[in-house]
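A.B. asks: The amino acid sequence is not available; the structure is as follows:
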């Protein structure tokens, strides 16, 4: 892998004649992708279009500006064109990647009905069923990041008080409120968890795989995508979609923006304000659907379509 990246460095420097700053930016972007793919045990040269798209969704969900997203896509495309040029791969998996429009990027969200459908798709007769139900309930019920979820420890649960402690960006800890249903599902999972043979060093982690090891980000992605497929949801979602849905549904139901900021662990209120744009869209759709004037227009259109 190192020799491949070294070859790519020389390709950019001598064949493309790019500046050192540009080359370093491309290499930093590739490091981000490589780090993401390593969670799935996939090498850079083996990445699929699906994984690349999920990576772009992931960086978008982290609040990275569309211009930066576009540059990252450009870096990725350059690398895969290089691999095709060197006959290392036969087709370019980045060819169908779309750059984001430079403007406001509204995150994908799920409706309450879609989330219920995913929970209903969980087979509780399987060993991992209760664990997966607890995972979905906590993701949607608390809005935690996937990195925070997989690192939750039993010693950080305060279920009687209705809280858990998570470690967010920059190793900053915060208390996260848990809904009564999230607490119930965690308690049920803890019963199943007690039957696992837990690996040394993993004893304190809440969510474990069947081998008694801490779950990875990749496993949470797989759980979410599999449940979405079983529930017949066509949207391209990730664990972060539950975080967006959590924030949006709170706002739609009248929650204070500052409170949502604290719940999400956002440093800046500006990041949280992204959800106000979704709320405006929701209000517009509500007016179009429920205002008497628009209802009469809708009825007219329906009657016209009957001819």
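C.D. replies: Looks like it came in fine. Quick caveat: nothing in here was measured; it's all calculated off a predicted structure.

A.B. asks: residue ranges of the helices in the stretch 1-150 of the chain, please?
C.D. replies: Counting by DSSP state H, counting those that start in this stretch, the stretch 1-150 of the chain has helices at residues 2-10, 20-38, 49-61, 66-85, 112-120, 129-142, 146-150.

A.B. asks: And these: which comes nearest residue 250?
C.D. replies: Taking CB to CB, helix 129-142 is the member of these nearest to residue 250, at 11.0 Å. From N, CA and C alone the C-beta is placed, and that goes for glycine too.

A.B. asks: circling back to that earlier point, most tightly surrounded among the helices of the stretch 1-150 of the chain?
C.D. replies: The highest mean neighbour count among the helices of the stretch 1-150 of the chain, using mean count of other CB atoms under 10 Å, belongs to helix 129-142: a mean of 23.

A.B. asks: Does anything pack onto that one? Which helices or strands?
C.D. replies: helix 112-120, helix 146-150, helix 180-193, helix 217-230, helix 239-252 (3 or more CB pairs under 8 Å, 6 or more residues apart in numbering; DSSP states H and E).

A.B. asks: Just checking the distance from the fourth one to the centre of its chain.
C.D. replies: So that's helix 217-230. Put simply, helix 217-230 sits 11 Å off its chain's centre (CA atoms, centre = their mean, to the nearest Å).

A.B. asks: Then the first one?
C.D. replies: On the basis of CA atoms, centre = their mean, helix 112-120 is displaced by 17 Å from the centre of the chain it belongs to.

A.B. asks: Now do the same for it: mean pLDDT, whole number.
C.D. replies: Regarding helix 112-120, the rounded mean pLDDT is 95.

A.B. asks: Pull the contacting residues for residue 191.
C.D. replies: In this structure, residue 191 makes contact with residue 130, judged by CB atoms under 8 Å, 6 or more residues apart in numbering.

A.B. asks: Against residue 80, how distant is residue 89?
C.D. replies: Separation of residue 89 from residue 80 (CB to CB, to the nearest Å): 7 Å.

A.B. asks: which residue is nearest the middle of the protein?
C.D. replies: residue 240 (2.6 Å; CA atoms, centre = their mean).

A.B. asks: would JSON lines of the helices of the stretch 1-150 of the chain with distance to residue 94 be doable?
C.D. replies: Formatted as JSON lines, the helices of the stretch 1-150 of the chain follow (distance: least, CB to CB, whole Å):
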{"stretch": "helix 2-10", "distance to residue 94": "14"}
{"stretch": "helix 20-38", "distance to residue 94": "10"}
{"stretch": "helix 49-61", "distance to residue 94": "6"}
{"stretch": "helix 66-85", "distance to residue 94": "4"}
{"stretch": "helix 112-120", "distance to residue 94": "30"}
{"stretch": "helix 129-142", "distance to residue 94": "29"}
{"stretch": "helix 146-150", "distance to residue 94": "24"}
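
A.B. asks: wait, which of these is closest to residue 96?
C.D. replies: helix 49-61 (5.7 Å).

A.B. asks: Name the residues that touch the closest one?
C.D. replies: With CB under 8 Å, 6+ apart, helix 49-61 has contacts from 32-33, 36-37, 40, 42, 66, 69, 72-73, 76, 93-97, 100, 105, 107-108, 221, 236, 238, 240-241, 243-244.

A.B. asks: Do I have it right that the residue nearest to the centre of the chain meets residue 145?
C.D. replies: Yes: with contacts counted by CB atoms under 8 Å, residue 240 reaches residue 145, the gap being 7.2 Å.

A.B. asks: any weak-confidence spans in the chain?
C.D. replies: In the predicted model, the chain carries pLDDT under 70 at residues 1, 61-63, 65, 100-107, 169-170, 255-258, 266-307.

A.B. asks: can we see that at 80?
C.D. replies: 1-2, 58-68, 98-107, 168-172, 251-307 (pLDDT under 80).

A.B. asks: okay, now the domains of it?
C.D. replies: Structural domains annotated on the chain: 2-85, 112-237, as defined by automatic domain parsing.

A.B. asks: can I get those domains in a markdown table with distance to residue 265?
C.D. replies: Compiled in a markdown table, the domains of the chain are given as follows (distance: least, CB to CB, whole Å):
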| stretch | distance to residue 265 |
| --- | --- |
| domain 2-85 | 12 |
| domain 112-237 | 4 |
